[in-house]
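Colleague: build me a structure from this.
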Amino acid sequence: METIWTAKDLKIGIIGGGQLGRMFIQEAINLDLDISILDSDPGAPAKAIAKSFELGSITDYQKVFEFGKSKDIITVEIENVSVEALEDLEKSGKKIFPQPRVLKIIKDKGLQKQFYQENHIPTAPFEIVDENANLKALIHEYPIVQKLRTGGYDGKGVQVLKSENNLDVAFSDASILEKYIPFEKEIAVIVARNENGEIAAYPAVECEFNPSANLVEFLFAPANISNSIEIEAQGIAKNIIEKLDMIGILAVEFFLTNDGDLLVNEIAPRPHNSGHHTIECNITSQFEQHYRAILNLPLGSTAIIQPGAMINLLGEPGFSGPAKYEGMIESLRIPGVHPHLYGKSTTKPFRKMGHVTVTGNDINEVFEKTKMIQKLIKVVT
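Modeller: This is a model prediction of the structure:
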């Protein structure tokens with residue numbers, strides 16, 4: 001016999017009020033959940049629709065601890081938070097998902113790579129380097145990828161050093177040096193796990209990156225890969241979330257090499273850009289799935305309803321100021337176009353201002369529409 005479930009008296013705190021926090025709230029309304037947001041930005045995208053919003057630094061121990069004391073469950077929309085405060089809240093009996101020990105690993109790319117190595121998860125060869133290391137003496141082969149251990153996001157904190165001539169712009173903070181991997185494509189798999197140990201993975205998506213901003217420009221779902229690669233990618237993602245013993249939703253980004261191998265690039269312990277299309281394209285969105293996972297509800301079906309693409313709406317180069325959306329009305333005349341604007345009042349070059357999901361009967365139709373939308377919608381001032 002099924003137990004009765006109600007969330008009326010359950011208080012959920014989300015640390016971070018960016019676009020993910022905003023979409024968290026939009027999904028929470030469907031489940032009638034009581035959501036509070038903590039963010040340091042008085043103009044945070046989630047603030048306008050939050051039932052409860054607290055202003056404060058998400059990296060400040062006292063702010064995070066005080067925020068969490070009155071909550072039953074705490075989750076995050078970004079990794080760069082006060083893990084120490086979350087650890088102490090967990091010790092006091094609060095449920096923190098993803099767990100602080102998981103955040104500690106993932107927010108540090110050095111610890112993240114060591115986790116892969118220790119658990120035999122395929123990843124590019126790497127070396128951890130200290131702050132102000134003598135990179136000239138350490139690097140024996142170019143090109144090589146340098147990643148800051150902490151603080152990077154949306155492509156920031158990652159760069160390719162093509163030759164010794166690039167060392168003058170290399171990061172001086174603690175970082176990792178990673179072998180440059182020639183790859184055929186980049187794919188991503190979203191996977192979820194609840195406290196009962198139930199695991200569900202979404203079909204892989206194929207990502208295209210903006211070379212100037214070094215962040216995802218658009219993605220296609222499902223990915224154009226073989227069934228064997230699909231099974232392998234989902235298997236690796238499930239293995240990672242099990243080895244982490246993590247509760248919540250996890251995005252796993254892969255390189256598919258020219259030799260047909262899968263290498264894990266990075267992971268993110270939260271809803272992710274590579275899962276935004278699930279709102280329209282899958283039976284269960286990644287945001288609903290995250291709630292199901294952290295509330296220990298049955299996980300939803302990840303099956304695809306219709307093929308689709310997700311296009312990030314980035315601020316146009318050369319424009320900074322109040323945001324305007326060129327071509328939006330024309331785009332809405334195209335069937336299967338679903339805009340999601342993040343409520344950011346000002347734009348700047350390459351800032352994520354929203355995304356558009358494009359759906360169609362097949363991937364070729366989706367591809368043609370995507371190209372049209374990319375030409376039509378521009379974020380300007």
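
Colleague: from here on, just use CA atoms for contacts and neighbour counts.
Modeller: Fine.

Colleague: how far does the helix or strand containing residue 314 sit from the chain's center?
Modeller: In this structure, residue 314 sits in strand 308-314 according to DSSP states H and E. Centroid separation between strand 308-314 and its chain, computed with CA atoms, centre = their mean, to the nearest Å, is 14 Å.

Colleague: so for the next helix or strand along the chain from it, mean pLDDT?
Modeller: Using DSSP H and E, the helix or strand that follows strand 308-314 in sequence is strand 321-322. Mean pLDDT, strand 321-322: 96.

Colleague: next: stretch 359-366.
Modeller: 95.

Colleague: how is the chain carved up into domains?
Modeller: Under the assignment automatic domain parsing, the domains of the chain span 11-96, 125-179, 183-380.

Colleague: so where is the chain shaky, pLDDT-wise?
Modeller: Applying pLDDT under 70 to the chain flags residues 1-6, 8, 154-155, 210-216.

Colleague: nearest residue to the middle of it?
Modeller: residue 272 (2.6 Å; CA atoms, centre = their mean).

Colleague: quick revisit: would CSV of the domains of the chain with distance to residue 106 be doable?
Modeller: Output for the domains of the chain, formatted as CSV (distance: least, CA to CA, whole Å):
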stretch, distance to residue 106
domain 11-96, 7
domain 125-179, 9
domain 183-380, 7
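
Colleague: quickly list what residue 255 is bridged to.
Modeller: Here residue 255 shows beta-bridge partners residue 186, residue 263, assigned using DSSP bridges.

Colleague: residues near it, how many?
Modeller: Neighbours of residue 255 under the rule other CA atoms under 10 Å: 22.

Colleague: quick check: it touching residue 180?
Modeller: No - counting by CA atoms under 8 Å, residue 255 stays clear of residue 180, with 10.9 Å between them.

Colleague: quick one: closest of the domains of the chain to residue 104.
Modeller: The minimum distance between residue 104 and the domains of the chain falls on domain 11-96, with 6.7 Å, by CA to CA.

Colleague: gap between the two ends of that closest one?
Modeller: 12 Å (CA to CA, to the nearest Å).

Colleague: distance from the chain centre to that domain, please.
Modeller: Distance, centroid of domain 11-96 to centroid of chain: 17 Å (CA atoms, centre = their mean).

Colleague: what do you get for stretch 82-102?
Modeller: Centre to centre, stretch against its chain (CA atoms, centre = their mean), the figure for stretch 82-102 is 20 Å.

Colleague: next one: stretch 339-357
Modeller: 16 Å.

Colleague: can you give me the end-to-end span of it?
Modeller: Note: stretch 339-357 ends 6 Å apart using CA to CA.

Colleague: all the helices of the chain, residue numbers only.
Modeller: 19-31, 61-69, 83-91, 100-106, 109-118, 135-138, 227-244, 278-281, 286-294, 328-331, 363-376 (DSSP state H).

Colleague: buried residues in the first one, which are they?
Modeller: Judged by neighbour count using 16 or more other CA atoms under 10 Å, the buried positions of helix 19-31 are 19-28.

Colleague: which residues does that helix contact?
Modeller: With CA atoms under 8 Å, 6 or more residues apart in numbering as the test, helix 19-31 has contacts from 7, 14, 34-35, 37, 45-47, 49-50, 77, 271-272, 287-288, 291, 342.

Colleague: same question for stretch 91-104.
Modeller: 69, 71-76, 79, 83-84, 86-87, 89-90, 244, 246-248, 269-270, 294.

Colleague: now those: which count as buried?
Modeller: The buried subset of the contacts of stretch 91-104 (16+ other CA under 10 Å) comprises 71, 73-76, 79, 83-84, 86-87, 89-90, 244, 246-248, 269-270, 294.

Colleague: so which residues of the stretch 101-250 of the chain form strands?
Modeller: Using DSSP state E, counting those that start in this stretch, the strands assigned to the stretch 101-250 of the chain run over residues 126-129, 144-148, 158-161, 175-179, 183-193, 199-201, 205-210, 215-221, 248-257.

Colleague: of those strands, give the one that comes closest to residue 55.
Modeller: Nearest of the strands of the stretch 101-250 of the chain (CA to CA): strand 248-257, 25.0 Å.

Colleague: next, the angle from that closest one to helix 227-244.
Modeller: Relative orientation of strand 248-257 and helix 227-244, computed by axes from the mean of the first three to the mean of the last three CA atoms, to 10 degrees: 140 degrees.

Colleague: can you give me how far strand 248-257 is from the chain middle?
Modeller: The mean C-alpha position of strand 248-257 is separated from the chain mean by 10 Å, CA atoms, centre = their mean.

Colleague: buried stuff in it?
Modeller: Under 16+ other CA under 10 Å, the buried positions of strand 248-257 are 248-256.

Colleague: I'm done for today, thanks for sticking with me.
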